[in-house]
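In: fold the following for me, if possible:
(one chain, ligands or ions: 1)
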Amino acid sequence: MKLLGSPASPYTRKVRVVLAEKRIECEMELVDVQPAENPVNAHNPLGKIPTLLLDDGSALYDSRVIVDFLDARSPISRLIPDETRDRLAVRRWEALADGVLDAGLLVRYESLREPRERSQSWSAKQVSRMHRALAAMAKDLESKPWCHNDRYSLADIAVGCCLGWLGFRKPGDVDWHGEYPGLAQHYRKLMERSAFADSVPEAPK
Ligand code: GSF
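Out: Okay, here's the model as predicted:
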């Protein structure tokens with residue numbers, strides 16, 4: 001197996017944390033998906049990372065499909081519950097965290113355009129979406145040790161990767177440390193785990 005990814009990519013980090021928690025060895029190949037023609041296109045028509053290359057030559061994408069595959073592949077540290085209601089709750093957390101990232105990426109891509117091509121109202125809409133979602137996360141986490149029930153799960157991993165990337169790229173100057181202290185506390189707790197501490201986002205070299 002080989003993971004096509006980048007150390008700056010929050011969705012790749014989600015997969016890396018899951019690999020580490022489940023103690024699954026996997027080589028990572030660093031790829032640049034900015035150019036329209038990039039090495040990922042041959043495996044994933046969307047040209048996005050993460051993409052997981054399997055030993056039989058097939059490829060899996062996106063991060064939600066990959067983490068599903070990895071969690072089912074090894075019984076060590078199950079991260080997605082079997083029971084339907086619990087599973088849906090965990091996957092909803094993941095959808096919320098990934099949704100914040102999707103909005104944050106739009107804000108970041110917009111900020112990289114020429115100033116005259118930027119739309120303030122478009123970015124403002126994404127920023128308010130991020131704030132609503134972060135506030136919902138903070139409220140749901142209030143006085144709970146973990147996102148879902150009393151167990152660390154994919155929900156916590158998705159939230160941690162989302163917060164870590166927001167702190168790294170700061171799209172829309174969203175200050176989640178200051179505005180949502182409960183989330184900041186949760187992130188500190190996640191960073192005590194080596195799977196998180198070893199995958200802090202960084203700019204590709
Ligand atoms: C999102 C992947 C994605 O946007 C997933 O895997 O969960 N829903 C997908 N990846 C970005 C890199 S990143 O910011 O993590 C990507 O590949 N962007 C390239 C592009 O051209 O949009």
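In: which parts of stretch 68-76 are buried?
Out: 68, 70, 71 (16 or more other Cβ atoms under 10 Å). Placement of C-beta: from N, CA and C, glycine included.
In: and stretch 128-135, by the same measure?
Out: Those would be 129, 130, 131, 133, 134, for stretch 128-135 by 16+ other Cβ under 10 Å.
In: same question for stretch 131-151.
Out: Under 16+ other Cβ under 10 Å, the buried positions of stretch 131-151 are 131, 133, 134, 137, 138, 140, 141, 146, 147, 148.
In: same check, this time on stretch 36-54
Out: 38, 40, 43, 44, 47, 48, 49, 50, 51, 52, 53.
In: which strands and helices sit next to the one helix or strand residue 129 maps to?
Out: Assigned by DSSP states H and E, residue 129 falls within helix 120-141. Helix 120-141 sits against helix 84-111, helix 176-179, helix 181-190, with contacts defined as 3 or more Cβ pairs under 8 Å, 6 or more residues apart in numbering; DSSP states H and E.
In: next one: the shortest one to chain centre, how far?
Out: Just to be clear, that refers to helix 176-179. Distance of helix 176-179 from its chain centroid, counting by Cα atoms, centre = their mean, to the nearest Å, is 19 Å.
In: and that helix, average pLDDT?
Out: In this model, helix 176-179 carries a mean pLDDT of 94.
In: and what of the longest one?
Out: Over the span of helix 84-111, the pLDDT mean works out to 97.
In: those residues of this protein touching the ligand, which are they?
Out: Those residues of the chain that sit near the ligand, judged by Cβ under 6 Å from any ligand atom, are 9-12, 33, 47-50, 62-64, 98, 105.
In: so of the residues you listed, which ones are in helices?
Out: 10, 11, 12, 63, 64, 98, 105 (DSSP state H).
In: got the contact list for stretch 182-197?
Out: 16-17, 20-21, 134, 137-138, 141-142, 156-157, 159-160, 163-164, 167, 176-177 (Cβ atoms under 8 Å, 6 or more residues apart in numbering).
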